[in-house]
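Visitor: next come a sequence and a model predicted from it.
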Amino acid sequence: MPSKPNGAEPLGARIRRLRRARGLTQRELAEPRYDRGFLAKVESGGRLPSDDVLSHLARRLGLTPDELRFDRPPGAAEELTAALETAYRELQKGGLEAAEREFSRVERRAAEYRLPDVQCHARFYLGEVQWQRYDIPLADKGFAHAMELADAASPRLRAMIVNRLAACRALSGDLGASVALVETALAELRSTGASDPDAELALLTALIHPLIEMGALRRARRAAEEGRRVLPSAHRKDISARYHRQAAQLWQEIGLVDRAEKDLSRALRLFTSIGYDRDAARSRWARGFLWRRLGKLDEAHAELRLARDLLAKAGSQEGVLGATIELADVRRRQGELDEAAELAEGIRPLLDRSPDIEARAEVLRLLGLIARARGDLPGATALLEEAASAQEKSELRGALVATSLHLGDTLRARGLIERAAEAYRRGVRAAAMSDSGPAD
């Protein structure tokens with residue numbers, strides 16, 4: 001796309017330049033509605049063209065009024081949007097720096113051309129760069145920066161911005177704020193009366209994970225079932241694939257394993273078909289997690305190791321972290337305690353730079369279980385208590401139930417019966433605040 005000759009070029013000078021480039025005289029461009037003298041004043045800057053004059057001149061030059069006003073080449077919005085999508089696929093393959101440069105270039109050009117919808121899209125993808133780097137505070141700022149232009153964006157893009165902002169809130173330990181943000185956006189979308197299945201599906205998808213972690217399984221299931229009804233009307237493969245991957249977490253949580261496996265297979269197939277390597281690898285990570293839950297440890301080991309390697313290649317530090325936690329737990333269950341500990345300790349520096357309380361608590365619990373398996377009951381107690389405190393503070397009730405059980409068992413093995421009973425009661429309270437819903 002050609003660049004502007006001069007960002008401060010006066011409108012009259014631009015009209016003269018474009019007229020001469022087309023081989024037109026002032027009379028030929030001005031007539032039949034205006035005369036040569038009038039156009040001469042416009043071109044010299046002595047007369048500011050009205051909207052009607054601008055429309056006439058733009059039509060004669062083969063442009064739209066905004067293309068003439070902002071020196072915007074024909075098809076600029078489409079070309080810039082295509083550049084964003086191409087760069088996003090490169091981001092998915094691990095080309096973070098190159099993608100970031102292209103997103104920044106498009107953001108600047110869209111601002112020059114007064115294309116706020118394209119500018120918003122570019123800002124959203126700049127937030128995605130930070131998300132992939134696992135810099136949650138910067139990602140949150142990036143998505144908030146995109147939200148400043150959300151009024152000019154499509155409902156789908158607005159929904160995706162909310163989706164990511166909610167994920168940042170959840171990773172920072174504020175599940176309630178995450179859910180409230182999405183529910184507000186969903187209510188606003190539905191209140192317009194206009195149907196946008198992609199936007200609705202993106203928002204319903206964003207509800208599932210935080211509700212699961214809060215133990216609100218009935219509400220999570222309601223969101224997943226509503227998404228399932230919207231799914232046939234959705235157009236975007238990436239949004240449909242993200243729904244399938246997220247819904248699978250809910251199905252496995254309530255015991256619908258066959259449905260979970262089918263959704264993960266669909267997600268993997270869709271992401272692969274559009275060249276979203278990072279998200280395809282995340283689907284493998286999710287499948288490894290499912291197989292670990294089902295006790296298929298050998299299959300889980302192979303899938304999680306592959307997922308971790310693919311996520312590392314894609315530059316997804318958040319994905320590497322999650323897949324490594326699951327891989328370490330599989331190795332612990334297989335009795336490979338030294339390898340499990342090495343994997344868990346290896347990602348702690350990454351956690352220290354992140355507000356991801358959920359992942360930090362998972363690692364603490366995992367290290368606590370490894371310590372218990374090695375016979376270090378005091379060390380296990382300290383780690384499990386720290387994990388439980390973090391989970392309780394962040395309303396991670398489902399995880400807190402499991403951690404409390406492990407902590408109670410560890411304390412009981414040490415003969416600390418009263419403290420063990422309190423740990424069990426803590427888990428019971430967390431379970432009472434959760435809702436499991438029927439598994440039918």
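Guide: It's in.
Visitor: for this protein, which element, helix or strand, carries the lowest mean pLDDT?
Guide: helix 65-69 (a mean of 77; mean pLDDT, DSSP states H and E).
Visitor: helix or strand next in line after it, which one?
Guide: Counting by DSSP states H and E, the element after helix 65-69 in chain order, helix or strand, is helix 76-92.
Visitor: C-alpha coordinates for that next one, PDB please?
Guide: Only the C-alpha atoms of helix 76-92 are listed here, as PDB (Å, rounded to 0.1, in the frame of the first residue of the first chain):
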ATOM      1  CA  ALA A  76      -7.500   0.500   2.400                       C
ATOM      2  CA  ALA A  77      -9.700  -1.000   5.100                       C
ATOM      3  CA  GLU A  78      -9.900  -4.300   3.400                       C
ATOM      4  CA  GLU A  79      -6.100  -4.400   2.700                       C
ATOM      5  CA  LEU A  80      -5.200  -3.400   6.200                       C
ATOM      6  CA  THR A  81      -7.600  -6.000   7.700                       C
ATOM      7  CA  ALA A  82      -6.100  -8.700   5.500                       C
ATOM      8  CA  ALA A  83      -2.600  -7.600   6.700                       C
ATOM      9  CA  LEU A  84      -3.800  -8.000  10.300                       C
ATOM     10  CA  GLU A  85      -5.100 -11.500   9.700                       C
ATOM     11  CA  THR A  86      -1.900 -12.600   7.900                       C
ATOM     12  CA  ALA A  87       0.200 -11.300  10.800                       C
ATOM     13  CA  TYR A  88      -2.000 -13.000  13.300                       C
ATOM     14  CA  ARG A  89      -1.300 -16.300  11.700                       C
ATOM     15  CA  GLU A  90       2.300 -15.500  12.000                       C
ATOM     16  CA  LEU A  91       1.900 -14.700  15.600                       C
ATOM     17  CA  GLN A  92       0.200 -18.200  16.100                       C
END
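Visitor: for the least confident helix or strand of the chain, packing partners?
Guide: Judged by 3 or more CB pairs under 8 Å, 6 or more residues apart in numbering; DSSP states H and E, the packing partners of helix 65-69 are helix 11-21, helix 51-61. No exception for glycine: its C-beta is placed from N, CA and C like everyone else's.
Visitor: next, count neighbours for residue 51.
Guide: Neighbours of residue 51 under the rule other CB atoms under 10 Å: 9.
Visitor: got it, and residue 350?
Guide: Neighbours around residue 350, by other CB under 10 Å: 17.
Visitor: who's in contact with the closest residue to it other than its chain neighbours?
Guide: Counting by CB to CB, 6 or more residues apart in numbering, residue 350 lies nearest to residue 321, which is 5.7 Å off, once chain neighbours are set aside. Residue 321 is in contact with 134, 347, 350-351, 356, 359, counting by CB atoms under 8 Å, 6 or more residues apart in numbering.
Visitor: likewise for residue 325?
Guide: 344, 347, 359, 362-363, 366.
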